[in-house]
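Undergrad: show me the folded form of this:
(one chain, ligands or ions: 2)
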Amino acid sequence: MFVERASWVSMFMIGLLFCSTVTSCAPGEPGSGQSGKSSPGSNQPLMAEKKITNSKDGSVLVWIPGGDFTMGSNKGDDDEKPPHKIKVKGFWLGMYEVTNKQFEPFYELGEVPEPLHWGEKGFNDPNQPITGITWETATAYCQWAGLRLPTEAEWEYAAAGAKQLEYPTSTGAISHDLANYRGIGGKDRWEGPAPVGSFPPNPFGLFDMAGNAWEFTCSIWKPYPYEGAGRENFDQDNREMMVLRGGSWGFSEQYCRTARRRRFASHLTYDFAGFRVAKDGEKAGETAGSDLPTKK
Ligand SMILES: [Ca+2]
Ligand SMILES: [Ca+2]
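TA: Numbers count the residues shown, from 1 in each chain. Ligands and ions are numbered 1, 2, ... in the order given. Below you'll find the predicted structure:
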């Protein structure tokens, strides 16, 4: 059980009342009270943004305008090759990784296993990302919240910030001042997960795309390029290789690269893996999906 759970559950409910409409929550808010170094204003995103708050779970989602980008890279592992052009339609993506305090009301329904380290110091801060859950649990949470996991194409497009950033940080570089990955230094004082929003966001206003928790996508790992990269390609008969993105507190910086892919079986749990939510576009013609690779 969480220490002082009742108090922060109450704060969460109060927060919902005040964050039930568009653009009510300041960027950087979740991490600001924990790190002591990221107050609202200091982590302002670099681009104008459009936001909504999902009333079911309190997730703040940022509008990611559609566009073309080059998915993959020649600089990394073989499974990032070849770089290929992808068109991604506009969609909503969670500004932050899903947190413990968001996850708790869902967990208390009793329909999913207890996460690893649930209630353990170092992992149970209300604003730390929920980790230690399976892909199946993350998917169930999304369904409960009326949301979904992003595809890996959506994730990479949003991470690159429309600038083909090498790392999905505020500058495209990587350092302990910009993200939480293995080890400490600079603003990174965490050997485990940091409260979400403790580092500056990427150009789309998304926090912790580099590091903190690895993030499940709804995509099954396949060699590049593959058809339907921009849409959910989950196959009920093949749950062995779900793609995660972004690196984590337990991995070195190169795993934070924008194009880096990692795969885990959907039924396993790791204390370095969590997720963020996504949602289809609400306007006609802006729904995510149905994108096919095209020649570079
Ligand atoms: Ca760290
Ligand atoms: Ca992350």
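
Undergrad: for the protein, which residues are neighbours of ligand 2?
TA: 208, 212-213, 246 (Cβ under 5 Å from the ion). The C-beta positions use only the backbone N, C-alpha and C, and glycine is treated the same way.

Undergrad: again, only this time at 8 Å
TA: Neighbours of ligand 2 within the chain, by Cβ under 8 Å from the ion: 97, 129, 208-215, 245-248, 274, 276.

Undergrad: excluding chain neighbours, what is closest to the residue of the stretch 51-200 of the chain found nearest ligand 2?
TA: Nearest residue of the stretch 51-200 of the chain to ligand 2 (Cβ to the ion) works out as Glu97 at 5.4 Å. Closest residue in space to Glu97, ignoring its immediate chain neighbours: Pro129 at 3.8 Å, by Cβ to Cβ, 6 or more residues apart in numbering.

Undergrad: returning to that earlier point: how about the contacts made by the residue of the stretch 51-200 of the chain closest to ligand 2?
TA: Contacts for Glu97 (Cβ atoms under 8 Å, 6 or more residues apart in numbering) come out as 129-130, 196, 207-208, 212-213, 215, 274-276.

Undergrad: now do the strands in the chain.
TA: 51-53, 60-64, 67-71, 84-88, 91-94, 214-220, 242-245, 262-264, 273-274, 278-280 (DSSP state E).

Undergrad: want to try a markdown table for those, with mean pLDDT and mean neighbour count as columns?
TA: Converted to a markdown table, these look like this (pLDDT from 0 to 100; neighbours: other Cβ atoms under 10 Å):
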| stretch | mean pLDDT | mean neighbour count |
| --- | --- | --- |
| strand 51-53 | 96 | 19 |
| strand 60-64 | 96 | 23 |
| strand 67-71 | 93 | 17 |
| strand 84-88 | 93 | 19 |
| strand 91-94 | 96 | 26 |
| strand 214-220 | 94 | 25 |
| strand 242-245 | 95 | 27 |
| strand 262-264 | 92 | 17 |
| strand 273-274 | 98 | 28 |
| strand 278-280 | 95 | 20 |
